[in-house]
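S.K.: here is a sequence together with a model predicted from it:
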Amino acid sequence: MHIEVQPSHTYDVSRYNILKTSLLKTLLEGANDVIIKKNHAVYFRNVSKIYNTGTVALNHFDFPVEEGEFISFLGPSGCGKSTALRMVAGLGTPTSGEVTVYGEPPEELIKNTNDIAFVFQDANLLPWRSVLDNVLLPLELRGGNKKENKQAAISVLEMVGLKDHLTSYPRQLSGGMKMRVSIARALAARPKLLLMDEPFAALDEITRQTLQMELLDIWKKEKMTVLFVTHNVYEAVFLSSKIAVMSARPGRLSSVIDVNLPYPRELGMRTHPAFSDYVDRASASLENDEKRKETV
Amino acid sequence: MAMSEVEMTKKQQALVAAGKKQKPFASTFKELYLGPIIAFILFLSLWQMIPSVLGLPHYILPKPTDVWEATVSDWSLLQEAIRITIFESVIGFFLSAVIGIGVSVLLASSKILERSIYPYAIILQTIPVVAVAPIVVIWFGAGFNSIVVISFLIGFFPVISNTLMGLNSVDKSMDELFTLYNASKWQRMWKLRIPAAMPYMMAGLKISCTLSIVGAIVGEYVAGIGGGNGGLGYAITVAAIQVKTSFLFSCGIAAAILGISFYLLVSLFSKMMLGSWHESAMKSDK
Ligand SMILES: Nc1ncnc2c1ncn2[C@@H]1O[C@H](COP(=O)(O)OP(=O)(O)OP(=O)(O)O)[C@@H](O)[C@H]1O
Ligand SMILES: [Mg+2]
């Protein structure tokens, strides 16, 4: 039996939970050689990140993400959400600790596979490429058959409802459409893990709701794991199967909330008492941190 | 109702905007062209009067009519000079564009190369090319070759410094996107850095095209014509020696028109290259 448990400096609810679920799993499966990390899409192990400016962006961050989950990282500005997400994409390395994706370091994974996709806050489209060519980019960079690539790109654009805009250029699109193209580009290479850094923050409420629904549809259909960064409590509750609430200075995990609302989720759910309960809990968790900081 | 009021005003605004677009030609003419045309006519009349009023001889300040006469009577001379200057400067410009962009891409493809050579490119840019022109003449001989090299040198540095700046101006998150898909160095160059540098390159080309004409004219002052036919630079030298001031004016005006046309041509080319996406190219068609 192989279970990784690291000595903890402080008592930490989430760590205790990991230990509990890992043990349970191993016992239930009755397997002797189950390496727990293989069952996880992403695993943060005691990750700290100190930028060379001296900012402690993440402090002993420990968090497992199981395959197929929709996780939101919720927290105030500057608590290290982006830092954590970027490490998962191999766009930054921990100062100490390790991040693994499907049991491998992300830098290795992005070299050899299309498993990881990233959606940036601003759609980040190449202005000199048409919608279709933007979505084709990841496939083009990986090589492969041109005709098949084009088919794949068109089919994801169909999925996000942009089939009629293949030849448009980014400057001709609205903010919501740009974000759709960006999501289509991320999906084009059929990733297993979709990372999104406040993708809807710049959109109006109605567009955001539509895109949230579409995202949930796609997540179910494609059976992906999604890590979603937001500082919007409602968005986190509405989308996620689990919320990692983070707090700032230094950035760390403060609590984990399992959102046991059934999928598919509908917009009407937002007025449901259970929904409000989760919103309250998440908000309380955020506020507690603020208070604790003030007393320190 | 507040909502419908807002919509009404929006509609009205749209109508007003549409009305503006469909303005009759006469009023656009009035707004855009009438002012400059009147100013031009006033300027010409003033110029025509001043030499007579002050009693200046035509070899000090010729009247516009004198310039016109000189242009017509020496038209074959002027036309030949213009043709040769165009030829020299186009070759010079073409060389500075191709070599400038090529060298920049090569430099930018290696961090070490760029770090060690870029400072010199900046320093070299500040050397007045006219000051080294005699050396060029020693190396390439009098005449055509030297003139082209001088024209090339003068246009080369703006291209290099602009292109290098552009190649290094890539947006960070776009760059990360390429990292995420494991793009190779040259994929990054062709699919990201060069397209992103396009507006900078075009700005460099616009500077260098007018400079290449300066280079061709100055080149002839320094390098002579070496037995071949002379361009505007040569025509200007000869006219100055013979104190044919009216013809000097013709040459100067011809050089100005040449510079402007060349600039407009390169601007058109740049608009075509950037047309589909870049904002600075888009501003005018809004
Ligand atoms: N490249 C960097 N160099 C130095 N400090 C950085 C860098 N990137 C982020 N930081 C700092 O690290 C901390 C965490 O930043 P991060 O971007 O991860 O926060 P965030 O939770 O994503 O915030 P936001 O909600 O505002 O996006 C901040 O204090 C930030 O100033
Ligand atoms: Mg962020």
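M.R.: Now that the structure is in, tell me what you want to look at. It should be emphasised that the depicted structure is a prediction, and the values quoted were computed from it without experimental measurement. Ligands and ions are numbered 1, 2, ... in the order given.
S.K.: please count neighbours and contacts with C-alpha atoms only from this point.
M.R.: Fine.
S.K.: give the residue spans of chain B that score low on pLDDT.
M.R.: B:1-24, B:227, B:276-286 (pLDDT under 70).
S.K.: what's the answer for chain A, then?
M.R.: Looking at chain A by pLDDT under 70, you get A:1-38, A:289-296.
S.K.: which bits of it sit near chain B?
M.R.: Taking C-alpha under 8 Å from any C-alpha of the partner chain as the contact definition, chain A meets chain B at A:89-91, A:110-111, A:114, A:116-118, A:120, A:124-129, A:138, A:141-142, A:169-171.
S.K.: separation between residue B:263 and residue B:166?
M.R.: Residue B:263 sits 21 Å away from residue B:166, going by C-alpha to C-alpha, to the nearest Å.
S.K.: residue A:287 too?
M.R.: 46 Å.
S.K.: give me the more crowded residue out of those two.
M.R.: residue B:166 (21 against 14; other C-alpha atoms under 10 Å in any protein chain shown).
S.K.: show the subsequent helix or strand relative to the helix or strand harbouring the more buried one.
M.R.: Taking DSSP states H and E as the definition, one finds residue B:166 inside helix B:144-167. Heading C-terminal from helix B:144-167, the first helix or strand you meet, by DSSP H and E, is helix B:172-180.
S.K.: for residue A:228, give me its contacts.
M.R.: Residues near residue A:228 by C-alpha atoms under 8 Å, 6 or more residues apart in numbering or on different chains: A:70, A:71, A:72, A:73, A:195, A:196, A:197, A:198.
S.K.: what's the spacing between the third one and residue B:240?
M.R.: Going back to what we said before, that points to residue A:72. 79 Å.
S.K.: neighbour count: those two, which is higher?
M.R.: Between residue A:72 and residue B:240, residue A:72 has the larger neighbour count (other C-alpha under 10 Å), namely 29 against 14.
S.K.: what's the helix or strand that contains that one in contact with?
M.R.: Under the criterion of DSSP H and E, residue A:72 resides in strand A:70-74. Contacts to strand A:70-74, defined as C-alpha under 8 Å, 6+ apart, come from residues A:65, A:81, A:225-233, A:236, A:239-246.
S.K.: can you show me the CA trace of stretch B:29-40 as PDB?
M.R.: Presented in PDB, the C-alpha positions along stretch B:29-40 are these (Å, rounded to 0.1, in the frame of the first residue of the first chain):
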ATOM      1  CA  PHE B  29     -15.400  68.600 -50.500                       C
ATOM      2  CA  LYS B  30     -16.100  71.800 -48.700                       C
ATOM      3  CA  GLU B  31     -15.000  70.400 -45.300                       C
ATOM      4  CA  LEU B  32     -11.900  68.400 -46.400                       C
ATOM      5  CA  TYR B  33     -10.400  69.900 -49.500                       C
ATOM      6  CA  LEU B  34     -11.600  73.500 -49.900                       C
ATOM      7  CA  GLY B  35      -9.400  74.900 -47.100                       C
ATOM      8  CA  PRO B  36      -6.100  73.400 -48.300                       C
ATOM      9  CA  ILE B  37      -6.900  74.400 -51.900                       C
ATOM     10  CA  ILE B  38      -7.500  78.000 -51.000                       C
ATOM     11  CA  ALA B  39      -4.400  78.100 -48.900                       C
ATOM     12  CA  PHE B  40      -2.400  76.700 -51.800                       C
END
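S.K.: where along the stretch 101-250 of chain A do the strands fall?
M.R.: Ranges of strands in the stretch 101-250 of chain A, per DSSP state E, counting those that start in this stretch, are A:116-119, A:193-197, A:225-230, A:242-247.
S.K.: can I get those strands in TSV with distance to residue A:271?
M.R.: Listed next are the strands of the stretch 101-250 of chain A as TSV, based on distance: least, C-alpha to C-alpha, whole Å:
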stretch	distance to residue A:271
strand A:116-119	29
strand A:193-197	26
strand A:225-230	20
strand A:242-247	19
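S.K.: follow-up on the earlier one: off-centre distance for the strand holding residue A:72?
M.R.: 6 Å (C-alpha atoms, centre = their mean, to the nearest Å).
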